[in-house]
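**Q** can you look at this prediction? I've put the sequence above it.
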Amino acid sequence: MKYASYLSIVAGAIALSAVIPAASAAPVNFEIAFNQTDTHPQFKALQMFADGLKARTNGEYTAEVFPNELLGAQKETVEMVQTGTLAMSVAAASLLESWNPDFSVFNLPYLFNSIDEQKKVLNNPEIVGDLYKSVSDQGVVVLGSFTAGARSVYLKDRFVKTPADLAGEKIRVMQSDTNVQMLKYMGGVGIAMGQGEVYTAIQTGVLDGGENNEIVYSSLKHVEVAPYYSYTRHLMIPDYLVMNVDLFNGLPDDIKTIVKEELAKAFDFEFDAFAADAAKARADAEKAGGKFSEDVDMDAFRAAVKPLVDSKLTTDVTKTIYQKIEALR
Ligand code: GCU
């Protein structure tokens, strides 16, 4: 190393140590449950958050992400966060509606048209601030949202063009009443279960197919058992990052600020990375034998689910959020 560059590193280190407190004897590690693989853009984003947290707290606070449902399926890991046996989990938005029905506003079909629209809303405190704090009395705070792209239907033996094509088809949905009802309005039969059981359920005929974004479709190999993916794009449901509320409230203010700032960067990164990763996942699925159809009558599906949307917008909170989303379009 040249003498000059060595000197600048030493100078930098001195400047940094002046603003960062020395590491305490007992570092705090946040364990984060994640139900997708370590190639998913949310995993990369959480890893970025972990790196930023460690660097800015001089190793006093760290985070560790456990992918592949290693700590359990989402429904279970969210409950672990609630009881305080786990610090954080990624949770599909559907799961929180049983805690506060107002969350169902983000589980509605055809709510957003693009990831950019979602981005303007989901981490905007003016729109979501109160909702995200509303589950504090149940032990959890929503720290923010990732995008999960758009979900479409896939079947084992054919494409879907209109709601009539889903008649009698048993499709896996996430564990929420809104999602079960949605599939019924779309013409099929919604069967709620955790994501990890879907492959075998399709393989054994318990299900005829599923609905998800291209990344999950490809990385969890659902393409092998249900190769017909039809672009219904019926749901753009976010994934929340939830944290145990006592753990969050107990953090010193400067650490809270670092957590929020590093997460904001991570969420932004993921929103920007998702589309390219989804396109790559589609190409991978095609190589594995998957077939994709754009020949879908989205207007027919949108009309079919309209009564569900109307029936869920019943409280002031859901109506206000919905209006704000419409105003931003
Ligand atoms: C999406 C979402 C996950 C969710 C999964 C599912 O991929 O990002 O959070 O678990 O769908 O269908 O269960």
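**A** Received, thanks.

**Q** wait, Ala164 sits on Asp297?
**A** No - with contact defined as CB atoms under 8 Å, Ala164 does not count as touching Asp297 (9.8 Å). (Glycine included, C-beta is placed from N, CA and C.)

**Q** give me the more crowded residue out of these two.
**A** Set side by side, Ala164 and Asp297 show more neighbours around Asp297, with 16 against 11, by other CB atoms under 10 Å.

**Q** excluding covalently adjacent residues, which one is nearest to that one?
**A** Nearest residue to Asp297, sequence neighbours excluded (CB to CB, 6 or more residues apart in numbering): Thr162, at 4.9 Å.

**Q** do Lys256 as well
**A** Closest residue to Lys256 in three dimensions, ignoring its sequence neighbours and counting by CB to CB, 6+ apart: Phe248, at 7.2 Å.

**Q** doesn't Leu143 make contact with that neighbour?
**A** Yes - contact criterion CB under 8 Å: Phe248 and Leu143 qualify, at 7.5 Å.

**Q** any common contacting residues for these two?
**A** Val259 (CB atoms under 8 Å, 6 or more residues apart in numbering).

**Q** rewinding a little: quick one: buried residues of the host helix or strand of the residue nearest to Lys256?
**A** Using DSSP states H and E, Phe248 sits in helix 245-249. Residues Val245, Leu247, Phe248 are the ones in helix 245-249 that count as buried (16 or more other CB atoms under 10 Å).

**Q** relative to the ligand, how far out is the first one?
**A** In this structure, Val245 and the ligand are separated by 21 Å, where distance is defined by CB to the nearest ligand atom, to the nearest Å.

**Q** kindly report the same for the second one.
**A** Distance, Leu247 to the ligand, using CB to the nearest ligand atom: 21 Å.

**Q** nearest spatial neighbour of that residue, skipping sequence neighbours?
**A** Residue nearest to Leu247 in three dimensions, not counting chain neighbours: Ala87, with 5.8 Å by CB to CB, 6+ apart.

**Q** backbone phi and psi for the one you found, please?
**A** Reported as degrees, to the nearest 10, the phi and psi values for Ala87 are phi -80, psi -50.

**Q** Lys119 now?
**A** Backbone dihedrals for Lys119, given as degrees, to the nearest 10, come out at phi -60, psi -30.

**Q** my guess is it contacts Phe146, does it?
**A** No - counting by CB under 8 Å, Lys119 sits too far from Phe146 to count as a contact (10.4 Å).

**Q** neighbours of Ala92, how many?
**A** For Ala92, the number of neighbouring residues by other CB under 10 Å comes to 21.
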